[in-house]
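S.K.: no FASTA, just this:
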């Protein structure tokens, strides 16, 4: 079963790696498989309820995900004043936050060995609302079932970088769900560390530095 979604960020967004806090760290240029799957799980619970979501969770967890990005990606740096609660007092902190913007739509391919939950997955993909923990709002423009309808240079988000075959591009830190986790394991109410439920790895995306200023960077896609 293969489904292709044309998606669009409706505003600037920030997608932090899982090993940094909201007060620090650079933004990723694209969502991770873990963030995409958690967004689908969120929509599944809203649409079908928790018990039904447990049935279709394995289909979401085992998805293979491919990504095709826009022509250009912009990253702007903003200086913000944040506050952190420290015991009985609140401390202020100056931080530099990064926000991304895409020049157009991007595409995600969802590939599954099973076709048991294709109907449910189609509904969930159309309902996708946000990615990551920073409220990155997205909108599903179209959903395709014909793979040949979209001619793009696809990047597998689930295949770790082979350092013996490094190509041109930018390294991005990805994470994905372990294949033995359950819906209860990935629940936000689970006290177990999220890092024990996912594995991290690097990939290369085909983008290069186009130009940069003091607080704005533009990356351009490398055409094959």
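M.R.: Received, thanks. From a predicted model like this one, the values you see are computed outputs, not experimental measurements.
S.K.: helix/strand/coil for residue 53?
M.R.: Secondary structure state of residue 53, per DSSP: H, G, I helix; E, B strand; the rest coil, is helix.
S.K.: please report how far it lies from residue 17.
M.R.: According to CB to CB, to the nearest Å, residue 53 and residue 17 sit 26 Å apart. For every residue, glycine as well, the C-beta is placed using N, CA and C.
S.K.: which one of the two has more residues nearby?
M.R.: Counted by other CB atoms under 10 Å, residue 53 and residue 17 do not tie: residue 53 has more neighbours, with 21 against 15.
S.K.: so which residues of the protein form strands?
M.R.: In the chain, the strands defined using DSSP state E lie at 2-9, 64-68, 72-86, 89-102, 106-111, 130-131, 136-144, 155-156, 170-177, 198-205, 207-212, 216-221.
S.K.: Serialize these to CSV and add fields for mean pLDDT and mean neighbour count.
M.R.: Output for these, formatted as CSV (pLDDT from 0 to 100; neighbours: other CB atoms under 10 Å):
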stretch, mean pLDDT, mean neighbour count
strand 2-9, 91, 19
strand 64-68, 94, 19
strand 72-86, 81, 13
strand 89-102, 80, 14
strand 106-111, 92, 21
strand 130-131, 83, 20
strand 136-144, 86, 16
strand 155-156, 92, 16
strand 170-177, 92, 18
strand 198-205, 91, 16
strand 207-212, 93, 13
strand 216-221, 94, 17
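S.K.: who's the residue lying closest to residue 69 once chain neighbours are set aside bridged to?
M.R.: Counting by CB to CB, 6 or more residues apart in numbering, residue 69 lies nearest to residue 106, which is 5.1 Å off, once chain neighbours are set aside. Assessed by DSSP bridges, residue 106 has beta-bridge partners residue 7.
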